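K.L.:
Any chance you could fold what I've pasted below:
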Amino acid sequence: MIHRELCEIGALFMKKHGIKKWEKPRYVVCELERYGESPDVFGFGGAMTQLLEIKTSRSDFLADRKKYWRINPEKGLGELRSYLCPEGLISMEELPENWGLIYININNEMNIIKEPTPQPSCPKRQMDLAASILRREKIKSQIFSYKKYKNE
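P.N.:
Okay, the predicted model is just below:
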């Protein structure tokens, strides 16, 4: 499988189930290229923000450990974070603290090997990501006002 296919499958899985039982996000973005951390799959609008890192090779997984956001997890995206990879590519013993692991088999069936546990993330970077999505979707800068008064 190629990276893009796994991102799309992971995004559908996250939207339908979430990466942790009972934590399904309302909105999911796939391969958002941006300055800073560019998530493979990111979900928000539920109880917690979620990050899914897609890995298709051992070298990609090992290189991931050197990223700024892995060395400084409190500066990263997602209160819940998991890796999605082909079966056996990553072992549970290799996972960073609090990370989950999801395997996908040759039939595209997902198996949650380990659920993630909540960890500190960077609210500012997550708000920047949401603002980036609004801008890309051509939602202009504006004031949103939803309260209705009786005399209106």
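
K.L.:
what ranges do the helices span in this structure?
P.N.:
Along the chain, counting by DSSP state H, helices occupy 3-17, 58-64, 68-71, 123-136.

K.L.:
Ok, which of these comes nearest Ser91?
P.N.:
Nearest to Ser91 among the helices of the chain is helix 58-64; the distance by CB to CB comes to 10.3 Å. In short, each C-beta sits where N, CA and C put it, glycine included.

K.L.:
residues in contact with that closest one?
P.N.:
Residues from elsewhere that reach helix 58-64 (CB atoms under 8 Å, 6 or more residues apart in numbering): Glu53, Lys55, Arg70, Tyr83, Cys85, Leu89, Ile90, Glu94.

K.L.:
Quick check: closest non-adjacent residue to the residue nearest the centre of the chain.
P.N.:
For the chain, the residue nearest the mean C-alpha position is Leu51 (1.9 Å; CA atoms, centre = their mean). Of all residues not flanking Leu51 in the chain, Gly78 sits nearest, at 2.8 Å (CB to CB, 6 or more residues apart in numbering).

K.L.:
what's the one you found in contact with, if anything?
P.N.:
By CB under 8 Å, 6+ apart, the neighbours of Gly78 are Pro39, Phe42, Thr49, Gln50, Leu51, Ser121.

K.L.:
Looking at this structure, which strand is longest?
P.N.:
strand 80-86 (DSSP state E).

K.L.:
residues in contact with that strand?
P.N.:
Looking at what lies outside strand 80-86 - CB under 8 Å, 6+ apart - the contacts are 1, 6, 9-10, 13, 18-20, 23, 40-41, 48-56, 61, 90, 95-96, 98-105, 110, 115-119.
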